[in-house]
Structure formats: structure tokens, C-alpha cells
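S.K.: Provided below are the primary sequence and the corresponding predicted coordinates.
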Amino acid sequence: QSTIFDTTIDVSTDRGSTKDNVLNGTGGLGLGNSIELTYRSYSDSPDLLGVKVQILGRDGGEKKVGMKASLLAGYGSSQTDNDTLSATRLDGGETRSYNSTLDVDTLEIGSIFGYRFNKSFLPYLAYNYRVSDAEGNLNSTISNDVTISRSAKIHSLQLGLQLSIEKLYVLLEGGYAKSKWGSLSPEEDYTLGLAIGLTSI
């Protein structure tokens, strides 16, 4: 608000985001015994194109017992055009309306450690770090245009279980995430996920 109205005012300290249920899709293409190209589609953030490298426990898809470890990285960008936004001063004063565009560039790195007890049972621990650089452009016919740039940084740790039956697998996952938006205080939250998928081998 201080950016839009260019004055010293009281700023709300309420959370600027809300927890939601989202549906994501993931695809992968194996290259040899240790490298996989990945594509992840998200309903609420940029899709990510990336790579996953298995550094421990390579088995050519034979689901051998033992330790497993992988490193991953991904990048994506997106643009949302022509949304409308209204900003109102907290003291009950002026309201301004804008047409907005939002550009987001996201980079993610992570690691996964697990142990396969048999062909059906693989518990794992995963860590992810994601940074999203966001730039919003607010355009108005009666007020000055405004550009706001911030970065969102998220650290997350997930404990999961992969259950496999032939080519079908199910992932059950719960985790902890800590996020920080610009200069605001960090937010902490817990996540819960379920995935169902198929493999070709």
C-alpha cells in the first residue's frame, strides 16, 4: 500500500496468502541409468522443466533393495495478463483500480534420500529450496503506473512413502515448509500430499 499510495500509512500484517488444495502433474523421461528429464505442471505457479540425477542406488529400474539418493533441479517462468486489482487505503480512504500483469521466474533445487526394503516399499526424505522472483506491473488510466518486485523463498522438508505394485505406484507425503516473501516475517506451515503414477519399466 505504501508503494501504491506513496504515503506513510498503517499496513496490514495479515497473511497475504492462504492455504489451498492444488492439483499437479509430473512426467519424466529416463536417459540411461542415472539421468531423468522432468516436467512438472502446477496449477498455482510456473511449470518447471528440470533434471533429476540418481547418485546412489542405480538399478536400471529393477527396484533393487538398498539406499537411494538423487539430486534435482528445475526452472520455469510464467506471465499472467490483464487481471484486475483494486487497492484501498486501510484508513478507509481512496481506492484505486488497476489492470495488472505478473511475471514469475522460479528456480528449484533439491535432494531425495530413501531406502528400498523390497520392490513394493520405499520410504524417503526429500528437501527442496525454491526461489520465485515476481514482478507485478499495475496499469491505470487515472493513476500512476506501479511496478512491484519481490522474491518468495521456500524451504521444505517432506517425509514420504512410495508403494509400488508392478508399474503402478502411490506416493504418500507429509512435510514442513518455511516461506519468506520480500521483507515480511517468515511463515511456517505443514503440507500433505498424495500422488498416483505409472512407470514404463
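M.R.: Sure, I can see it. All figures in this text were calculated on a predicted structure; none of them were measured in a lab.
S.K.: Could you identify the helix or strand that succeeds the lowest-mean-pLDDT helix or strand in the chain?
M.R.: Lowest on mean pLDDT, DSSP states H and E among the helices and strands of the chain sits helix 2-5, with a mean of 69. Counting by DSSP states H and E, the next helix or strand C-terminal to helix 2-5 is strand 25-31.
S.K.: name the helices or strands packed onto that next one?
M.R.: strand 35-41 (3 or more C-beta pairs under 8 Å, 6 or more residues apart in numbering; DSSP states H and E). The C-beta positions use only the backbone N, C-alpha and C, and glycine is treated the same way.
S.K.: averaged over its residues, what pLDDT does the strand it packs on have?
M.R.: Summarised as a single mean, pLDDT over strand 35-41 is 93.
S.K.: What of stretch 148-165?
M.R.: Rounded mean pLDDT across stretch 148-165 is 94.
S.K.: How about stretch 114-134?
M.R.: Averaged across stretch 114-134, the pLDDT comes to 95.
S.K.: With only the CA atoms kept, save that stretch in CSV.
M.R.: Coordinates of each C-alpha in stretch 114-134 appear next as CSV, following Å, rounded to 0.1, in the frame of the first residue of the first chain:
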residue,chain,number,x,y,z
GLY,A,114,15.5,-43.2,0.6
TYR,A,115,15.9,-46.9,1.3
ARG,A,116,14.1,-49.6,-0.7
PHE,A,117,13.2,-52.5,1.5
ASN,A,118,11.7,-54.5,-1.3
LYS,A,119,10.0,-54.0,-4.7
SER,A,120,6.9,-52.5,-3.1
PHE,A,121,8.1,-50.4,-0.1
LEU,A,122,10.4,-47.3,-0.3
PRO,A,123,10.3,-44.7,2.4
TYR,A,124,12.2,-41.4,1.7
LEU,A,125,13.1,-38.0,2.9
ALA,A,126,13.2,-35.0,0.5
TYR,A,127,14.4,-31.4,0.7
ASN,A,128,13.5,-28.6,-1.7
TYR,A,129,14.6,-25.0,-1.9
ARG,A,130,12.6,-22.8,-4.3
VAL,A,131,13.0,-19.1,-5.1
SER,A,132,10.5,-17.2,-7.2
ASP,A,133,11.2,-13.7,-8.5
ALA,A,134,8.0,-11.9,-9.1
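S.K.: Could you pull out the buried residues of the least confident helix or strand of the chain?
M.R.: 4-5 (16 or more other C-beta atoms under 10 Å).
S.K.: How far off centre is that helix?
M.R.: 28 Å (C-alpha atoms, centre = their mean, to the nearest Å).
S.K.: Would you mind pulling up the elements that the helix or strand where residue 149 lies packs against?
M.R.: Secondary structure from DSSP H and E places residue 149 in strand 146-165. In terms of contacts (3+ C-beta pairs under 8 Å, 6+ apart), strand 146-165 is packed against helix 2-5, strand 121-139, strand 168-181, strand 187-198.
S.K.: Can you lay out these as JSON lines showing distance to residue 106?
M.R.: Formatted as JSON lines, those follow (distance: least, C-beta to C-beta, whole Å):
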{"stretch": "helix 2-5", "distance to residue 106": "23"}
{"stretch": "strand 121-139", "distance to residue 106": "4"}
{"stretch": "strand 168-181", "distance to residue 106": "13"}
{"stretch": "strand 187-198", "distance to residue 106": "17"}
